[in-house]
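In: Sequence and predicted structure are below.
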Amino acid sequence: MLNELLNLIALALTLNFEKNKTPIPHGSTEIIFYAFMYSWAAFVISYLIYRYYCKGMPEKQRHEKLKKFLKKYKIVN
């Protein structure tokens with residue numbers, strides 16, 4: 001399912017590039033679309049990396065690693 005979604009996103013980007021000959025969004029609707037699409041894609045990729053990196057760990061240990069990471073890079077106090 002994720003693979004199909006990523007293929008759809010790649011197709012949408014390709015079609016938009018062909019139509020406009022530039023990947024720059026035109027208009028407020030496209031800007032909102034791109035902002036949503038890229039933020040969602042970044043979230044999915046980071047979540048998959050997190051799940052793969054912490055594969056097989058107990059939930060408590062995963063949460064501790066995540067807390068250390070967030071504090072280390074000052075994302076959370």
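Out: On my side now, so go ahead.

In: what about the one helix or strand residue 65 maps to, average pLDDT?
Out: Assessed by DSSP states H and E, residue 65 sits inside helix 59-72. Model confidence over helix 59-72, given as mean pLDDT, is 88.

In: Helices along the protein, start to end?
Out: 2-20, 28-53, 59-72 (DSSP state H).

In: tilt between the helix holding residue 65 and helix 28-53?
Out: 120 degrees (axes from the mean of the first three to the mean of the last three Cα atoms, to 10 degrees).

In: so can I have TSV of the helices of the chain showing mean neighbour count?
Out: Quick note: C-beta positions are derived from backbone N, CA and C, even for glycine. Formatted as TSV, the helices of the chain follow (neighbours: other Cβ atoms under 10 Å):
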stretch	mean neighbour count
helix 2-20	11
helix 28-53	11
helix 59-72	11
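
In: Distance-wise, check residue 45 relative to residue 9.
Out: Counting by Cβ to Cβ, to the nearest Å, the gap from residue 45 to residue 9 is 12 Å.

In: got the contact list for stretch 59-77?
Out: 50, 54, 57 (Cβ atoms under 8 Å, 6 or more residues apart in numbering).

In: would you put the C-alpha positions of it in PDB?
Out: Output of stretch 59-77 as PDB, limited to C-alpha atoms (Å, rounded to 0.1, in the frame of the first residue of the first chain):
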ATOM      1  CA  GLU A  59       8.100  -0.500  23.700                       C
ATOM      2  CA  LYS A  60       9.600   1.000  26.800                       C
ATOM      3  CA  GLN A  61      13.100   0.800  25.400                       C
ATOM      4  CA  ARG A  62      12.000   2.300  22.100                       C
ATOM      5  CA  HIS A  63      10.400   5.300  23.900                       C
ATOM      6  CA  GLU A  64      13.500   5.900  26.000                       C
ATOM      7  CA  LYS A  65      15.700   6.000  22.800                       C
ATOM      8  CA  LEU A  66      13.300   8.400  21.200                       C
ATOM      9  CA  LYS A  67      13.300  10.600  24.300                       C
ATOM     10  CA  LYS A  68      17.100  10.700  24.300                       C
ATOM     11  CA  PHE A  69      17.200  11.500  20.600                       C
ATOM     12  CA  LEU A  70      14.600  14.400  20.900                       C
ATOM     13  CA  LYS A  71      16.500  15.800  23.900                       C
ATOM     14  CA  LYS A  72      19.900  15.500  22.300                       C
ATOM     15  CA  TYR A  73      18.800  17.500  19.300                       C
ATOM     16  CA  LYS A  74      16.800  19.900  21.400                       C
ATOM     17  CA  ILE A  75      13.500  19.100  19.700                       C
ATOM     18  CA  VAL A  76      11.800  18.700  23.100                       C
ATOM     19  CA  ASN A  77      13.000  20.100  26.500                       C
END
